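1. sequence plus predicted model, see below.
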Amino acid sequence: MTTAGNSQTHGTIFEMADSPSFIGPYLVRKVDGYDRLRDFVNIISFNANIKNRFTVEKLIEHTSYVEDFVGSLCKFVGEKVPGLRINEIIRRGSYYDNAKVMSPDEYDFMPILALSYDDAVNVKDPPKECSFAARGYKLININPDNLKEEIPRGSWRKNKDGECQLDLKVLMILLHIVKDFVIQHSKFREELLEDPNAVYDEGVTSMQQFLHGTCIMLRMWAPLCTTDIDLCFCIEQKNQSDERRVLVGDCINGGGCGYCTLKGRSTPGSVDHWTESFFDISPDQHLYILDTMHKKLFVTLKFLSYLLNKRLYDILEGDISIQRELSSYVYKMILLHHQHSCQSTNIGICFETIVELYFNRSTKNDADTVTYSPKGKEEIVKIPDIYFPKRTVVDIESEHLLEFVLLLWIQRHVKHNTNTTWWNDLLDKDFPNNVKQGDLLQTLLDTLKWVIQFQDPRTDAPKVNPRYTWIHDDNVKTVVALSD
């Protein structure tokens, strides 16, 4: 009877329609450092993602404007040079991967040349003696006389065996065609590209005069914000039994094997090796796709990289030219490799694991003092491409120090500080100008300035202490030691 009476009483209380509402803070639950890191990742990844910052209608309007521009440009290329006609345009990058942070200010496209499907074009593996062999690179042989449509002279060269092979110069030919389109169909302002913070008026476009890695890069007005467009013209491999693959040209990393020499050269030259890239990957290919948990960490890392490279560089004094940012692709490769062996169900632990890729960690005799020092040259971390394990995407070394110190500061202060109010300050559009002297975030700015001063290559640069200490709410000390 007692149980039945209590049950009836509880039912009456919970069903009161006019019960008063609660106000004020939620009941604070006790969390450890890893749970706080998990909460940080969840909050930042949600609030930084553009799908939660703009309405669907606004994003569709903005994207449609960009895609209409790119579609017209690609049509123009085919009209100008029929042999370089575009067959399809692949949507790529963070925007289409639902991982774009803060604003839709960059779009990636891969226009596929119709040349790909010409019987006179043959993609083949480099010879086994080539240093690019078995690393995700190909050679593109062509028979110029049998092409259905002529391509510009200078688009191919002969190798030592007399074979004609597609040359990366074709990308420079495409760059000039793109420039013609921009000049004819927009208000071309070449000088604006020098100012990354310039706000473009409607109809204004600028572009880089050289390849941006594998891409032709434009910057243009669009409805929501000034927007970068990366065009990576490519050749699709025919008759692939698995996922579709394309070949992209890289003027920085695409040559110089020392074996594939050009015909008629008195000194060793090299034909151009084209880089393989997957697209249209099947959803069941878990090795190549981030799961929901790691996708949130990916967005968080992209946001923190955005803060450094778009918000903080302007206020950091000293020589920052030796610093290099980690691209979205590199972060994705790091996380895919991590995910493959990850046993954790708490993304906070994963966050710490990724940050500690760069550092050696030691506690010595004092468990409350943790020292982090960058790994030495003999310990350089090589990040292989998940699709082509023998191809290194990046060596993580001294030029990435500033970015990893930023990640370390975030990870340690989230884990060891109960105060979380500063998380929203990172998301504020006025950051870092909203940071006041004495704020916790001021130590972040001071730390980054210290790193730059320490790395300053100028002989007359002031010397700074090679060790920097953070003291946390739980009395744990973190020491960053750049040298002993």
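-> Right, received. Where do you want to start?
2. isn't Phe40 up against Arg412?
-> No. At 11.8 Å, Phe40 does not count as touching Arg412 under the criterion of C-beta atoms under 8 Å. For every residue, glycine as well, the C-beta is placed using N, CA and C.
3. ranges for the helices of the chain?
-> Taking DSSP state H as the criterion, the chain contains helices spanning 2-14, 33-48, 56-80, 169-185, 292-306, 328-341, 347-355, 401-416, 422-427, 440-455.
4. Gly213 is nearest to which of those helices?
-> Minimum separation from Gly213 across the helices of the chain (C-beta to C-beta) falls at helix 328-341, 10.1 Å.
5. tell me which residues in that closest one are buried?
-> Across helix 328-341, burial judged by 16 or more other C-beta atoms under 10 Å covers 328, 330-339.
6. quick one: it to helix 292-306, angle?
-> Interaxial angle of helix 328-341 relative to helix 292-306 (axes from the mean of the first three to the mean of the last three C-alpha atoms, to 10 degrees): 150 degrees.
7. care to break the protein down by domain?
-> 52-278, 286-481 (automatic domain parsing).
8. so which of these gets nearest Ile44?
-> It is, among these and with distance given as C-beta to C-beta, domain 286-481, at 4.7 Å.
9. that closest one: how far from the chain's middle?
-> Centroid displacement of domain 286-481 relative to its chain, using C-alpha atoms, centre = their mean, to the nearest Å, is 15 Å.
10. check stretch 62-76 too.
-> Using C-alpha atoms, centre = their mean, the offset of stretch 62-76 from its chain centre is 23 Å.
11. ok, stretch 205-221 next?
-> 17 Å.
12. give me the buried positions along that stretch.
-> Across stretch 205-221, burial judged by 16+ other C-beta under 10 Å covers 205-208, 211, 214-221.
13. can you put those residues in JSON lines and add pLDDT and distance to Tyr306?
-> Below are these laid out as JSON lines (pLDDT from 0 to 100; distance: C-beta to C-beta, whole Å):
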{"residue": "Thr205", "pLDDT": "93", "distance to Tyr306": "23"}
{"residue": "Ser206", "pLDDT": "93", "distance to Tyr306": "21"}
{"residue": "Met207", "pLDDT": "92", "distance to Tyr306": "23"}
{"residue": "Gln208", "pLDDT": "89", "distance to Tyr306": "20"}
{"residue": "Leu211", "pLDDT": "84", "distance to Tyr306": "24"}
{"residue": "Thr214", "pLDDT": "84", "distance to Tyr306": "22"}
{"residue": "Cys215", "pLDDT": "90", "distance to Tyr306": "19"}
{"residue": "Ile216", "pLDDT": "94", "distance to Tyr306": "23"}
{"residue": "Met217", "pLDDT": "94", "distance to Tyr306": "18"}
{"residue": "Leu218", "pLDDT": "94", "distance to Tyr306": "20"}
{"residue": "Arg219", "pLDDT": "94", "distance to Tyr306": "17"}
{"residue": "Met220", "pLDDT": "95", "distance to Tyr306": "20"}
{"residue": "Trp221", "pLDDT": "96", "distance to Tyr306": "21"}
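14. with respect to Asp105, which of the residues you listed is nearest?
-> Among the buried residues of stretch 205-221, and counting by C-beta to C-beta, the member closest to Asp105 is Arg219, at 9.2 Å.
15. residues in a beta bridge with the closest one, which ones?
-> Using DSSP bridges, the bridge partners assigned to Arg219 are Ser206, Asp228.
16. my guess is it contacts Leu192. True?
-> Yes. With contact defined as C-beta under 8 Å, Arg219 reaches Leu192; the gap is 7.2 Å.
17. hang on, the earlier thing: of the helices of the chain, which is nearest Ile383?
-> helix 328-341 (5.3 Å).
18. and the closest one, what does it pack against?
-> helix 292-306, helix 347-355, strand 381-384, strand 392-396 (3 or more C-beta pairs under 8 Å, 6 or more residues apart in numbering; DSSP states H and E).
19. now the ones you listed in TSV, with mean neighbour count?
-> Formatted as TSV, the helices and strands packed on helix 328-341 follow (neighbours: other C-beta atoms under 10 Å):
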stretch	mean neighbour count
helix 292-306	21
helix 347-355	21
strand 381-384	14
strand 392-396	17
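20. for His185, find the nearest of the ones you listed.
-> So among the helices and strands packed on helix 328-341, helix 292-306 is nearest, using C-beta to C-beta, at 30.4 Å.
21. and the contacts of the closest one?
-> 40-42, 44-45, 48-49, 94, 99, 101-102, 290, 325-326, 328, 331-332, 335, 338-339, 342, 345, 347, 350-351, 354, 403, 406-407, 410, 426 (C-beta atoms under 8 Å, 6 or more residues apart in numbering).
22. ok, now with 6 Å
-> Residues from elsewhere that reach helix 292-306 (C-beta atoms under 6 Å, 6 or more residues apart in numbering): 41, 44-45, 48-49, 99, 101, 290, 328, 331, 335, 339, 347, 350.
23. again with stretch 84-100
-> Contacts of stretch 84-100 (C-beta under 6 Å, 6+ apart): 50, 74, 77-78, 104, 107-112, 114, 279, 298-299, 328.
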